[in-house]
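Peer 1: With the sequence up front, the predicted model follows.
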Amino acid sequence: MAENILLDLSFEFAVAIVNLVDGVKTPKSSFMIDQLARAGTSVGANIHEAQYAQSKKDFVAKLEIALKESSETSYWLKLMAETGRIEAESYQYIEKLCGNIRRLLIASCKTAKESMK
């Protein structure tokens with residue numbers, strides 16, 4: 001089976017999100033932890049689901065949802081870093097992964113849309 005960098009990166013990203021969330025000890029942060037966990041793991045879930053899309057349009061829609069979720073994840077990561085709930089090193093690593101995924105998603109959406117014309 002051919003390697004899919006986007007699938008692999010998004011799975012690595014989801015694992016990093018789960019590990020990060022499991023390590024947060026601040027109980028009053030539970031609403032942020034929940035949001036981060038949902039958005040962060042949704043990125044990979046939507047990319048995975050796109051692999052079984054019913055059409056090109058459905059494929060692009062799933063990738064665009066993943067793109068939106070990656071943007072939301074960046075927000076929650078930044079908020080948690082700025083409020084001292086996660087360490088700067090963890091933030092930088094996961095945010096870099098998120099940025100790489102976002103760039104791949106943008107390129108994939110563009111390519112898929114162009115091929116539909």
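Peer 2: Sure thing, it's come through.

Peer 1: Quick one: low-confidence residue ranges for the protein.
Peer 2: For the chain, residues meeting the criterion pLDDT under 70 lie at 1-2.

Peer 1: Go through the longest helix seen in it and flag the buried ones.
Peer 2: Determined from DSSP state H, the single longest helix within the chain is helix 88-116. Of the residues in helix 88-116, 90-91, 94, 97-98, 100-102, 104-105, 108-109, 112 count as buried by neighbour count, 16 or more other Cβ atoms under 10 Å. Quick note: C-beta positions are derived from backbone N, CA and C, even for glycine.

Peer 1: for it, packing partners?
Peer 2: Counting contacts by 3 or more Cβ pairs under 8 Å, 6 or more residues apart in numbering; DSSP states H and E, helix 88-116 is packed against helix 5-23, helix 30-50, helix 56-82.

Peer 1: how far is that helix from where the chain is centred?
Peer 2: 8 Å (Cα atoms, centre = their mean, to the nearest Å).

Peer 1: Next, the angle from that helix to helix 30-50.
Peer 2: 30 degrees (axes from the mean of the first three to the mean of the last three Cα atoms, to 10 degrees).

Peer 1: Next, the angle from helix 88-116 to helix 5-23.
Peer 2: Interaxial angle, helix 88-116 versus helix 5-23 (the same axes, to 10 degrees): 150 degrees.

Peer 1: How about the contacts made by the closest residue to Ser90 other than its chain neighbours?
Peer 2: Leaving aside its sequence neighbours, Ser90 sits nearest to Leu20 (Cβ to Cβ, 6 or more residues apart in numbering; 5.8 Å). Residues in contact with Leu20 (Cβ atoms under 8 Å, 6 or more residues apart in numbering) are 36, 86, 90, 94.
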